[in-house]
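Visitor: Model the following, please.
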Amino acid sequence: MITILRNADLYIPESVGQQSLLVGGGRVLWMGDDLPALDPMLIEEEIDLQGARVIPGLVDGHAHTTGGGGEDGAETRVPAPALSSFTRAGVTSVIGLLGTDSETRSMAELLAETRALRAGGLNAWCYTGGYHLPGCTLTGSFRGDLVHLDSVIGIGELAISDFRSSQPTLDELLRVASEAQVGGMIAGKAGVLHLHLGDGERGLELVRQALGQSELPPRVFHPTHVNRQPALFEEALELAGYGCAIDVTCFPVDDDDPAIDAAEAVQRYLATDLDPSLLTLSSDSGGCLPTFDEQGQMTHMGVATSMTMADVLARLLQGPLPLEQFLPAFTSNPARLLKLAGRGKLKTGGPADLVVLGPDGLPRDVLVNGSWHLRDGQSLRRGPFEN
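Guide: Next up, the predicted model:
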């Protein structure tokens, strides 16, 4: 059965103007100006979008799909985000990972949650490892997990420049990065090393040393949270000049917070002459947003959600940049970096992952693999334990 979407202001993520789409079998069957003749018996529904903006589904490349937290005892472990928390935000593809706590959380749990999200209709993958070395794996090695576990596409989030990290040395970082590189080659996967950056003064020093003292290609290293400090963001811009993709986190920023708001970070990056395809955004969904005192004790915490990505997108729509200039950072850039075939873009024959934006710039309707998850702002598909 075929769904007809008429009169879409279509971004694939490039703007292609007003077009109509045919969707069937989980795929985009056709895009264009003049609809082909169809047997009415084949048409399930026909929707006139009346010029609404249609974009590819967002790719959230950093989410704690089993829940994060735990930095102040077991009672601070964050529950796993619900299925609809992703789709309400327009996220159609998500990458799960472990964070600070890889003792009460495990790779087995992360893989099971990845399968659960897929069963719910979402596109889902995961990283192996976590903050610390030696890493949390299922097969006994990073490379083994990459090669033998279909859902695993890289290593992360390994923490550096953070008092919660295992304080990895340059040699240790190079060894893990080589595991990512070789494991990715053998398995035909992205093989990236996704790096958590803390507030430490060393910043990205280890990554610069790794690039200067090894044969590893820059694309292996993918630092995240680079907008948490102004100095760190400047370092990240320099790193992008070497060819590393950098990841901006869409966390909320208080007035007294030194962090750079994600929308501002996007605008600042795109105002440079750096390669725009090296910028990605993610939400840290399910992760704890802790505040620590000078002794490393947590004073309070929040919880990140994928909706922050949708909020940043909506705010950018109100700014001076055209949508097609910043949209790839939410869609095609992370999909390309992570080798998620067909995701992050719309094309004939490709997966039918798309978002219809409302007048406020937020997701109004969301289609994942040809199935509606959100219509008129209401979730149609939920996880089995959602209220």
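Visitor: Looks to me like Leu281 is in a strand.
Guide: Yes - counting by DSSP: H, G, I helix; E, B strand; the rest coil, Leu281 is part of a strand.
Visitor: Can I get the strand or helix carrying Ala240 in PDB? Just the C-alpha atoms.
Guide: For Ala240, the host element (DSSP states H and E) is helix 230-242. Output of helix 230-242 as PDB, limited to C-alpha atoms (Å, rounded to 0.1, in the frame of the first residue of the first chain):
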ATOM      1  CA  PRO A 230      34.700  28.200  25.000                       C
ATOM      2  CA  ALA A 231      38.400  27.200  25.000                       C
ATOM      3  CA  LEU A 232      37.500  23.600  24.200                       C
ATOM      4  CA  PHE A 233      35.300  24.700  21.300                       C
ATOM      5  CA  GLU A 234      38.200  26.700  19.800                       C
ATOM      6  CA  GLU A 235      40.400  23.600  20.100                       C
ATOM      7  CA  ALA A 236      37.700  21.600  18.400                       C
ATOM      8  CA  LEU A 237      37.600  24.000  15.500                       C
ATOM      9  CA  GLU A 238      41.400  23.600  15.100                       C
ATOM     10  CA  LEU A 239      40.900  19.800  15.200                       C
ATOM     11  CA  ALA A 240      38.300  20.000  12.400                       C
ATOM     12  CA  GLY A 241      40.900  21.800  10.400                       C
ATOM     13  CA  TYR A 242      42.900  18.500  10.600                       C
END
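Visitor: what residues does it touch?
Guide: 197, 203-204, 207-208, 211, 218, 221, 223, 226-227, 246, 258, 260, 265, 268-269, 272, 274-275, 278-279 (Cβ atoms under 8 Å, 6 or more residues apart in numbering). For every residue, glycine as well, the C-beta is placed using N, CA and C.
Visitor: Could you check it and say which residues are buried?
Guide: The neighbour-count criterion (16 or more other Cβ atoms under 10 Å) identifies 232-233, 235-237, 239-240 as the buried residues of helix 230-242.
Visitor: now do stretch 337-354
Guide: 337-340, 342-346, 350-354.
Visitor: Can you give me the pLDDT of Pro252?
Guide: Reading off the confidence values, Pro252 has pLDDT 88.
Visitor: Actually, Thr66.
Guide: At Thr66, pLDDT is 96.
Visitor: again with Met298
Guide: 69.
Visitor: now do Pro290
Guide: We have a pLDDT of 67 for Pro290.
Visitor: With the one 4 residues further on instead?
Guide: With respect to pLDDT, Glu294 scores 77.
Visitor: Let's see which of the buried residues of stretch 337-354 end up in helices.
Guide: Taking DSSP state H, the ones among the buried residues of stretch 337-354 that sit in helices are Leu337.
Visitor: Save the buried residues of stretch 337-354 as TSV, and put in pLDDT and distance to Ser102 too.
Guide: Listed next are the buried residues of stretch 337-354 as TSV, based on pLDDT from 0 to 100; distance: Cβ to Cβ, whole Å:
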residue	pLDDT	distance to Ser102
Leu337	98	24
Leu338	98	21
Lys339	98	25
Leu340	98	24
Gly342	94	31
Arg343	98	27
Gly344	98	28
Lys345	98	33
Leu346	98	37
Gly350	97	35
Pro351	98	32
Ala352	98	36
Asp353	98	30
Leu354	98	35
